[in-house]
Structure formats: C-alpha cells, structure tokens
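Visitor: Kindly return the folded structure for what I paste below:
(one chain, ligands or ions: 1)
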Amino acid sequence: MHNNVDTLFANLWEDYVAITPSALEIHKLLADEESKDIVNDHVAFRTFALEKTRLNTLAAHFLALGYEDKGDYNFESKKLTAKHFEHPDTTKPKVFISELRVHELSDEAQAIISKLVEQMDANATTQDNYLYSGRHWDISHADYTRLLEESEYAAWMAAWGFRANHFTVSINHLSNSQTLLGVNDKLKDAGFTLNTSGGEIKGGEDVCLAQSSTMADTAEVAFTEAPQAIPSCFYEFAQRYPMANGELYQGFVAASADKIFESTNAK
Ligand code: NI
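Guide: Numbering: from 1, shown residues only. Below you'll find the model as predicted:
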C-alpha cells in the first residue's frame with residue numbers, strides 16, 4: 001500500500017487523465033485563471049460487492065493513510081451501497097467508494113460478473129497500484145453489451161476495472177468570484193458537455209452541496225473480439241455550503257449522486 005497520500009493521488013490522476021483528456025483540458029483552463037493549485041473535493045471509485053473485490057478492499061488503502069469512515073449511502077434503484085471517507089487534513093480529497101450489489105442482478109448478469117472476477121488474483125487488492133490497476137480480466141463486447149442492458153455501472157466496471165471514476169474540483173477553493181454556475185457557463189462556452197440528468201446543477205444551498213459534472217469522454221477498450229470506444233470517466237465540480245452550525249457540510253447527497261452516476265451513460 002502507498003504510504004504517501006499525495007503520491008497515491010498523483011498516480012490516480014495520471015491514470016485518469018490518460019482516458020479522460022477533457023479533464024486535463026478543464027483543469028488547465030481553471031488553473032490558468034487561478035494563482036493557486038486546484039483542490040479536489042473528492043475522488044470516486046466503483047467496484048463489485050463480491051468477496052474478492054468488495055468496497056472494503058479499496059477502503060483499506062485509504063484507512064492505512066489516515067482516512068476515516070464518515071458516511072453510508074444506499075442507491076436503491078441502481079443497486080449500490082456507498083461510503084465516504086475523510087482525511088484529518090481537510091485539503092486532502094474526500095473519497096467516495098460505491099459497490100454494486102451483484103446478487104440483486106439477474107442470474108445471467110451475475111454469471112458474467114463472477115466469471116470476470118474469477119480471473120483476478122486475490123493478491124491484487126493489497127498491491128500499491130490496486131486503486132489504479134484497471135481490469136484484471138478479459139471481457140467480450142457481447143458480455144459488456146449484455147451488462148449494459150441491465151446496469152450501466154456493471155458494464156463500466158467490467159470494461160474499466162479499478163481506477164478513479166472521477167475527480168472533483170472544489171469550487172470553494174477557487175478564487176472568491178467563482179461559482180458553480182459560473183464554472184458551468186465557462187465550460188459550456190469552451191464546448192464541453194455537461195450532464196443534464198436532474199438539471200445541470202444537482203442539489204444546492206438547501207442541501208448544503210451543489211454539484212455538476214461533464215459527460216464522460218470516450219476511450220478505446222480492448223474487448224476479446226476487437227477494440228471499441230466506450231464512455232470512460234468524467235470530471236465533477238462541487239460547491240459546499242455551511243450548515244446551521246456555520247461549518248461547511250462535508251457529506252454527500254444521495255439524490256444528487258444518483259444523477260451524477262449517469263455521467264458515464266452513453267450520450
Ligand atoms: Ni462525485
């Protein structure tokens with residue numbers, strides 16, 4: 001496991017922008033206007049809730065770096081369970097990890113996913129690079145398409161494996177004049193496509209968290225038949241508001257996250 005938080009996130013970022021070039025462009029666009037570094041609100045991960053790959057196998061890498069378990073979430077219709085983790089140093093990104101409750105899928109989808117995970121060496125989960133190690137299995141485009149019919153999340157995970165699903169710009173850490181609305185307008189003017197499921201801005205001051213995201217880029221994946229371009233990862237933007245006690249809310253809003261998951265849907 002990594003013993004340095006910054007090195008881990010640097011490696012995750014490098015892997016992420018390799019298949020999400022729009023995130024690198026947007027990062028440069030925002031960084032050019034700021035006289036300081038862009039701070040990440042959170043980084044999100046996906047996995048299958050199976051013995052070998054469950055959420056805890058990913059979380060262990062963050063707990064070892066001083067992160068603490070801070071919240072539980074359930075996404076009923078998407079069949080997901082999630083947790084969020086925070087580091088005592090609040091400038092470090094929060095971590096959001098979800099897992100697909102595979103046993104709630106059809107027998108056919110469960111069989112496809114089980115065959116994939118069977119190919120994976122159980123020791124992979126304790127390696128330094130587990131969180132950005134990608135896929136540990138071969139998959140056919142036919143199986144990918146079958147999973148897509150039932151769960152977009154399952155298909156994404158089957159095709160891309162272990163890596164950051166998205167990084168998230170903290171709007172609060174940008175200069176004072178920046179708002180989520182303003183950033184959204186800037187991105188649209190520059191030609192980027194935002195996720196409009198549930199509106200461009202999910203949540204708001206009333207729930208102490210407003211979020212928006214791009215639609216995922218497309219990148220080529222090796223399937224057993226032939227390589228094919230499919231949705232890869234997206235970039236998210238989060239603005240946090242103070243709670244009644246004056247402190248900025250640090251949790252997540254399930255209703256908003258539910259729509260953000262759809263950023264990897266095919267357009
Ligand atoms: Ni997110």
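Visitor: Please make it C-alpha for all contacts and neighbour counts, starting now.
Guide: OK.
Visitor: give me the beta-bridge partners of the closest residue to residue 43 other than its chain neighbours?
Guide: Computed as C-alpha to C-alpha, 6 or more residues apart in numbering, the closest residue to residue 43 that is not its neighbour in sequence is residue 167, at 4.6 Å. Beta-bridge pairing of residue 167 under DSSP bridges involves residue 43, residue 235.
Visitor: if I pick residue 167, what's in contact with it?
Guide: Applying C-alpha atoms under 8 Å, 6 or more residues apart in numbering to residue 167 gives the contacts 13, 40-44, 234-236.
Visitor: do that again at 10 Å, thanks
Guide: Going by C-alpha atoms under 10 Å, 6 or more residues apart in numbering, residue 167 touches 9, 12-13, 16-17, 23, 40-45, 93, 95, 213, 233-237.
Visitor: Can you flag which of those belong to strands?
Guide: Cross-referencing those against strands under DSSP state E gives 40-45, 95, 213, 234-237.
Visitor: Among those, which one lies nearest to residue 122?
Guide: Nearest to residue 122 among the ones in strands among the contacts of residue 167: residue 45, at 18.5 Å, using C-alpha to C-alpha.
Visitor: in this structure, what spans have low per-residue confidence?
Guide: Low-confidence segments of the chain (pLDDT under 70): 267.
Visitor: Drop anything exposed from the ones in strands among the contacts of residue 167.
Guide: Buried members of the ones in strands among the contacts of residue 167, counted by 16 or more other C-alpha atoms under 10 Å: 40-45, 95, 213, 234-237.
Visitor: Let me have those in CSV, extended by distance to residue 121.
Guide: Below are these laid out as CSV (distance: C-alpha to C-alpha, whole Å):
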residue, distance to residue 121
40, 31
41, 32
42, 28
43, 25
44, 23
45, 20
95, 25
213, 34
234, 28
235, 30
236, 32
237, 35
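Visitor: Go through those residues and name the one nearest residue 52.
Guide: Among these, residue 45 lies closest to residue 52 (C-alpha to C-alpha), at 15.8 Å.
Visitor: got the contact list for the closest one?
Guide: Taking C-alpha under 10 Å, 6+ apart as the test, what residue 45 contacts is 55, 58-59, 82, 95-99, 131-132, 157, 161-167.
Visitor: Could you point out the longest helix of the protein?
Guide: helix 5-19 (DSSP state H).
Visitor: What is it packed up against?
Guide: helix 21-33, strand 40-48, helix 55-63, strand 166-170, strand 218-222, strand 234-240 (3 or more C-alpha pairs under 10 Å, 6 or more residues apart in numbering; DSSP states H and E).
Visitor: Please name whichever of those is nearest to residue 196.
Guide: Among those, the nearest to residue 196 by C-alpha to C-alpha is strand 234-240 (12.7 Å).
Visitor: Send me whatever helix or strand comes next after the closest one as PDB with only the CA atoms.
Guide: Using DSSP states H and E, the helix or strand that follows strand 234-240 towards the C-terminus is helix 254-260. What follows is helix 254-260, C-alpha atoms only, in PDB (Å, rounded to 0.1, in the frame of the first residue of the first chain):
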ATOM      1  CA  ALA A 254     -27.800  10.600  -2.300                       C
ATOM      2  CA  ALA A 255     -30.400  12.200  -4.600                       C
ATOM      3  CA  SER A 256     -27.700  14.200  -6.400                       C
ATOM      4  CA  ALA A 257     -25.100  11.400  -6.500                       C
ATOM      5  CA  ASP A 258     -27.800   9.200  -8.100                       C
ATOM      6  CA  LYS A 259     -27.900  11.500 -11.100                       C
ATOM      7  CA  ILE A 260     -24.100  12.000 -11.200                       C
END
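Visitor: now the helices for the stretch 51-200 of the chain?
Guide: Counting by DSSP state H, counting those that start in this stretch, one finds helices in the stretch 51-200 of the chain at the ranges 55-63, 107-118, 141-150, 152-160, 180-189.
Visitor: The ones you listed: which one's closest to residue 220?
Guide: helix 152-160 (10.1 Å).
Visitor: relative to helix 107-118, how tilted is that closest one?
Guide: Put simply, helix 152-160 runs at 30 degrees to helix 107-118, going by axes from the mean of the first three to the mean of the last three C-alpha atoms, to 10 degrees.
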